[in-house]
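# Attaching a predicted model along with its sequence, questions to come.
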Amino acid sequence: MEKDFNDEKFSKSVHNSISKKVGNEYYQKIFSKYDVDKDRKLENIPIWKFLEIITFVELVNFYDFYTKEYNLVDQNRDVYILRDIAKLRNAVAHNTCILS
């Protein structure tokens, strides 16, 4: 499954997002343990650490990938709700008028 997720189009954005966080002291403890050859690519990272690093939108994309990979049709419907929640969260966080 890891290889398939890495081949997905949003995988690039996840890697870019993780690369940007490398300099942050908080994430440095996580990176130092799983960035084996110091190339900013994490190897064999546990899922709980991965979820701590990624953004909410990246989590929704991962959930979408997972439900499609394992043919979880009922759970895949939740992706649309999660995407709307992400849009609402971004609108609120950036002080955007929600009603219009």
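Done, it's in. The shown structure was predicted, so the numbers you read here are calculated from the model rather than taken from an experiment. Numbering: from 1, shown residues only.

# C-alpha only now, for contacts and for neighbours.
Fine.

# pLDDT of stretch 49-58, averaged?
Taken as a whole, stretch 49-58 has an average pLDDT of 84.

# For the chain, give me the ranges with low pLDDT.
Low-confidence segments of the chain (pLDDT under 70): 1-11, 22-23, 35-43, 100.

# Show me the domain layout of this protein.
According to automatic domain parsing, the chain comprises the domains 1-54, 55-100.

# could you dump these to CSV with mean neighbour count?
Formatted as CSV, those follow (neighbours: other Cα atoms under 10 Å):
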stretch, mean neighbour count
domain 1-54, 13
domain 55-100, 13
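
# Can you tell me the element Tyr63 falls in?
Using DSSP states H and E, Tyr63 maps to helix 56-69.

# Against which helices or strands is that helix packed?
helix 73-76, helix 78-93 (3 or more Cα pairs under 8 Å, 6 or more residues apart in numbering; DSSP states H and E).

# contacts for that helix?
Phe5, Phe10, Val14, Leu51, Val73, Gln75, Asn76, Val79, Leu82, Arg83, Ala86 (Cα atoms under 8 Å, 6 or more residues apart in numbering).

# Pick out the most distant pair among the residues you listed.
Largest separation among those by Cα to Cα: Val14 and Val73, giving 24.3 Å.

# related to what we said a few turns ago, distance from the helix holding Tyr63 to the middle of the chain?
Computed by Cα atoms, centre = their mean, to the nearest Å, the separation of helix 56-69 from the middle of its chain amounts to 8 Å.

# now stretch 14-31
Taking Cα atoms, centre = their mean, one finds the center of stretch 14-31 at 13 Å from the center of the full chain.

# gap between Glu69 and Arg77?
Separation of Glu69 from Arg77 (Cα to Cα, to the nearest Å): 14 Å.

# Next: Arg83.
Taking Cα to Cα as the measure, Arg83 falls 11 Å from Arg77.

# Now distance to Lys29 too, for the contacts of helix 56-69, in JSON lines please.
Below are the contacts of helix 56-69 laid out as JSON lines (distance: Cα to Cα, whole Å):
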{"residue": "Phe5", "distance to Lys29": "24"}
{"residue": "Phe10", "distance to Lys29": "25"}
{"residue": "Val14", "distance to Lys29": "19"}
{"residue": "Leu51", "distance to Lys29": "15"}
{"residue": "Val73", "distance to Lys29": "37"}
{"residue": "Gln75", "distance to Lys29": "33"}
{"residue": "Asn76", "distance to Lys29": "33"}
{"residue": "Val79", "distance to Lys29": "31"}
{"residue": "Leu82", "distance to Lys29": "30"}
{"residue": "Arg83", "distance to Lys29": "30"}
{"residue": "Ala86", "distance to Lys29": "28"}
